[in-house]
Structure formats: structure tokens, C-alpha cells
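Asks: Sequence and predicted model, in that order:
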Amino acid sequence: LHTAQVVSNQSEITVKYSLGRLLSLSLIDQSTKADRFALHPLLLLFARELAQEQNLLAEAEQRHTDYFIQYANEHRSFSPTDLDALETELYALLLTAQRLTNNQIADYNFYLSLEPFLQTRGYWSQALTLLDSLLDVARYQDDLFRITQLLLQKGQFYQLLARFEDAEQVLYESKNIALQIENTWQHQHSLAMVLNLLGGVYQRQGKFDAAVEALKQSYDLLVALGDERGQAMVLNSLGGVYQRQGKFEEAAQALRESHDLLVALG
């Protein structure tokens, strides 16, 4: 109901009356929730044609896009209430993302608003589809830093799907592009993140020596950047790998250092 009101730019009374009229004619369906309605597919096509003929469609779609960008931002957290709200509007949110990328708009903040939900609720395949659309835009704009970040996200979702070879491949691609970035901070930050995630993939594959090497390289880059929180995260991962190798003294040392950094950071 509220979406219909926002998109049509009409008063709540008018929208309620209009929806009630369509409902009484069996042209729309009402869900178990009183304020939610669904158009018949043929009626949806007919409505789009009429809106286009009357030069209403572009403006209505823009209001829809703006509304759901704001909606995603307002529910950007891991709280069950916000996650439920995003799940309720999942179709509209993915439609918004598709519309943005179709118009060569890469709204990374919009994606970051959705990312916790997509990861937590298991919509990993949908996340990969969305990331591919964003990658197309980033590649068209030749934005190397964004490309590396989006490939990192792909690697993370491949890892969640236990597609470790795909994760490894996409992270290698991210690493090679990161090496081409001219900005020193973006270059080192991207490499550190790639190596950290690559270390996790190696660990899941049982390649413990390779995991240790990747994590150590990541740690050194983060030290150079002065990123103590990042260092603590990498040391935590490194401690886990050492533990899997049976190197308990090295594991304890890495975890102690991680602990001390986090305590110092509060």
C-alpha cells in the first residue's frame, strides 16, 4: 500500500480507494497481509503500456527506485526486524538493483545496505547475480578499485557456497587488478583484503602452508597501512591456521597479539 502511494504520488485515501476498486473487480490479489497486493501479470503489462503512453512510467520508476534505495539504507543492519523488512521487499529491492545497473549506475552503497541481509539469510546466488551486474558497470567505467572490491565480494560468496576453486580464481583476478591500481592506499588495502580472504580459502581447501603465507603477506601490508583492526583480524585467522597445523605455540602467540590489538582499540 505504501509503495503504491509513493510510486503513484497520490494521497493515501485515493490509493486505498483505487486498490479497493481493483480488488472488487478481481483485477488484483490481496495477500494474507492486509496492506499487500499483487497485480496479475497481464494487468501489469497493460498498466506499463498505459503508463508509457501517458508519459508516467519513467517518473514512476524513478520514485520507486528512490524509495527502495532509502528503504534499504533505513534497514541496514543485522537486526531480525531489519532483515525481515528487507526479505518482505526482496523482489522490489532486486528489481531496483537491476534497474540501476541497466542504467549504468553502480550504487555501491545500495549494495552494501543489502549485503548483510543477502549473506545472513542465504541469498548467495542472488548476491552473485547482483555483483556481476555491478562488475559490468565498474568495468565499463574502468574503476579498478571498485572492480577489486566487487571481485572480493564474489570470492566471499563463492566461499559460502563451498565453491572454493571459483573463489580462488576470482580472488586471483582481484589480486592482479589490485596490482594495477596507482593510488598507494587503494593498492595496498585491496591487496591486503585479497590475501586475507585467499588465506581463508586456502585453509578451507587444506592448503595450510599457502594460507599462512597469504595471511602473513596481508598482515605486513596492514602494518604498513597502520590498520590495527585489520591486523587483529588477520592474526586471528592466522592463529586458526596454526591450530589446524598443530602449531599451538604459534597459534597462541598470534591470538595473543590479536587480543592485545583489540584491547588497545577498545
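Replies: Sure thing, it's come through.

Asks: where in the stretch 151-266 of the chain is pLDDT low?
Replies: Along the stretch 151-266 of the chain, no part satisfies pLDDT under 70.

Asks: the helices in it, which residues?
Replies: With helices called from DSSP state H, counting those that start in this stretch, the stretch 151-266 of the chain shows them at 164-178, 184-205, 208-225, 228-245, 248-265.

Asks: and the second one, how far out from the chain's middle?
Replies: It refers to helix 184-205. 18 Å (Cα atoms, centre = their mean, to the nearest Å).

Asks: which helices and strands sit right next to that helix?
Replies: helix 144-160, helix 164-178, helix 208-225, helix 228-245 (3 or more Cβ pairs under 8 Å, 6 or more residues apart in numbering; DSSP states H and E). In this view, the C-beta of every residue, glycine as well, is placed from N, C-alpha and C.

Asks: so which of those helices gets nearest L1?
Replies: Ranking these by proximity to L1 (Cβ to Cβ) places helix 144-160 first, at 33.7 Å.

Asks: Could I get the CA-only coordinates of that closest one as PDB?
Replies: As requested, the backbone C-alpha atoms of helix 144-160 are provided in PDB (Å, rounded to 0.1, in the frame of the first residue of the first chain):
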ATOM      1  CA  LEU A 144      39.900  -0.700 -10.800                       C
ATOM      2  CA  PHE A 145      39.400  -0.200  -7.100                       C
ATOM      3  CA  ARG A 146      35.700  -1.000  -7.300                       C
ATOM      4  CA  ILE A 147      36.400  -4.000  -9.500                       C
ATOM      5  CA  THR A 148      38.800  -5.500  -6.900                       C
ATOM      6  CA  GLN A 149      36.200  -4.900  -4.100                       C
ATOM      7  CA  LEU A 150      33.400  -6.500  -6.100                       C
ATOM      8  CA  LEU A 151      35.500  -9.500  -7.000                       C
ATOM      9  CA  LEU A 152      36.400  -9.800  -3.300                       C
ATOM     10  CA  GLN A 153      32.700  -9.900  -2.500                       C
ATOM     11  CA  LYS A 154      32.200 -12.600  -5.200                       C
ATOM     12  CA  GLY A 155      35.000 -14.600  -3.700                       C
ATOM     13  CA  GLN A 156      33.300 -14.400  -0.300                       C
ATOM     14  CA  PHE A 157      30.000 -15.700  -1.600                       C
ATOM     15  CA  TYR A 158      31.700 -18.500  -3.600                       C
ATOM     16  CA  GLN A 159      33.400 -19.500  -0.300                       C
ATOM     17  CA  LEU A 160      30.000 -19.600   1.400                       C
END
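
Asks: one step back: as CSV, the helices of the stretch 151-266 of the chain with mean neighbour count and distance to Y17 would be great.
Replies: Formatted as CSV, the helices of the stretch 151-266 of the chain follow (neighbours: other Cβ atoms under 10 Å; distance: least, Cβ to Cβ, whole Å):
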stretch, mean neighbour count, distance to Y17
helix 164-178, 19, 51
helix 184-205, 21, 53
helix 208-225, 19, 59
helix 228-245, 20, 54
helix 248-265, 14, 57
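
Asks: T120: which of those is closest?
Replies: Across the helices of the stretch 151-266 of the chain, closest to T120 is helix 184-205 (Cβ to Cβ), at 18.1 Å.

Asks: now the angle between helix 208-225 and the closest one, please.
Replies: 160 degrees (axes from the mean of the first three to the mean of the last three Cα atoms, to 10 degrees).

Asks: Now do helix 184-205: everything it contacts.
Replies: Contacting residues not belonging to helix 184-205 are listed as 145, 148-149, 152, 155-156, 159, 162, 164, 167-168, 171, 174-175, 178-179, 181, 208, 210-212, 214-215, 217-218, 221-222, 224-225, 227, 230, 233-234, 237-238, 240-241, 244 [Cβ atoms under 8 Å, 6 or more residues apart in numbering].
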